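Give me a model of this one.
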Amino acid sequence: MVIFSVTLCGQNNFILTFGGRDVSKTIKLKKEDLKNALIDFKFKEKNFIRSRIISFTIKIPGVKAEIIKGNRIDERIYNKIIRISSRGDIIVISNIKTVTIKDELVPYPDPMSPIVIEIY
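Numbers count the residues shown, from 1 in each chain. Okay, here's the model as predicted:
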C-alpha cells in the first residue's frame, strides 16, 4: 500500500510530499503502486489542529473525472487505472477537500495542490 502524504503549500506551514518525496513536481509510479493508495496530509507543526481528507477528484486519461468520497483510491478506481492507463499517462488527483477535527468538523479553507502522477 502506498501512502500519499500531502500538505498544503503557500503559508510555510505545509510541505507537499508523497511517501516522503517532494511532489510539487510530477512523480513517476507504476500502476500497481496506486492500489489502495491512502491520501493524507500533515502539518509541519506537530501541535497543529488534527485534520483529515474527506474527498478528492481523480482524472484518468480517457475517462471523465470522478469525485471520490474518503481518502483512498478504492478498488473500482484502481481497476480503471489498471485497465485504461498506460505508460506515460498522467493521472491527476485534485480538489482535495479536508476538514479540521476540533470539537466539530470544519472545512479547511486553503486549497490543496494537485498531485500529478506519471505512469511508467
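
What separation do you get for the closest residue to Ile73 other than its chain neighbours and Thr100?
The shortest distance from Ile73 to any non-neighbouring residue, by Cβ to Cβ, 6 or more residues apart in numbering, is to Ala37 (4.4 Å). All C-beta spots, glycine's among them, are computed from the backbone N, C-alpha and C. Using Cβ to Cβ, to the nearest Å, Ala37 is found at 23 Å from Thr100.

who's more crowded, the two?
Ala37 (23 against 15; other Cβ atoms under 10 Å).

Would you state the strands of this protein in chain order?
Using DSSP state E, the strands found in the chain span residues 3-5, 17-18, 21-22, 27-29, 38-40, 50-59, 66-69, 90-101, 105-107, 115-119.

Is Asp74 in contact with Ile68, as I believe?
Yes - taking Cβ atoms under 8 Å as the definition, Asp74 is a contact partner of Ile68 at 6.9 Å.

Please say which of these two ends up with more neighbours.
A count of neighbours by other Cβ under 10 Å puts Ile68 above the other of Asp74 and Ile68, at 19 against 13.

And the pLDDT at the more buried one?
pLDDT for Ile68: 94.

would you list the strands of the chain in CSV and tack on distance to Ile82?
Formatted as CSV, these follow (distance: least, Cβ to Cβ, whole Å):
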stretch, distance to Ile82
strand 3-5, 18
strand 17-18, 20
strand 21-22, 23
strand 27-29, 13
strand 38-40, 18
strand 50-59, 14
strand 66-69, 15
strand 90-101, 12
strand 105-107, 33
strand 115-119, 10
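
weakest of those strands in terms of mean pLDDT?
strand 3-5 (a mean of 48).

Tell me the spacing between Ile117 and Thr100.
Note on Ile117: its distance to Thr100, by Cβ to Cβ, is 27 Å.

cool, and Ile53?
Ile53 is 11 Å from Thr100, by Cβ to Cβ.

beta partners for Val116?
Val92 (DSSP bridges).

ditto for Phe56
Ile68.

hang on, isn't it packed against Leu38?
No - the pair Phe56 and Leu38 does not pass the contact test of Cβ under 8 Å, sitting 11.3 Å apart.
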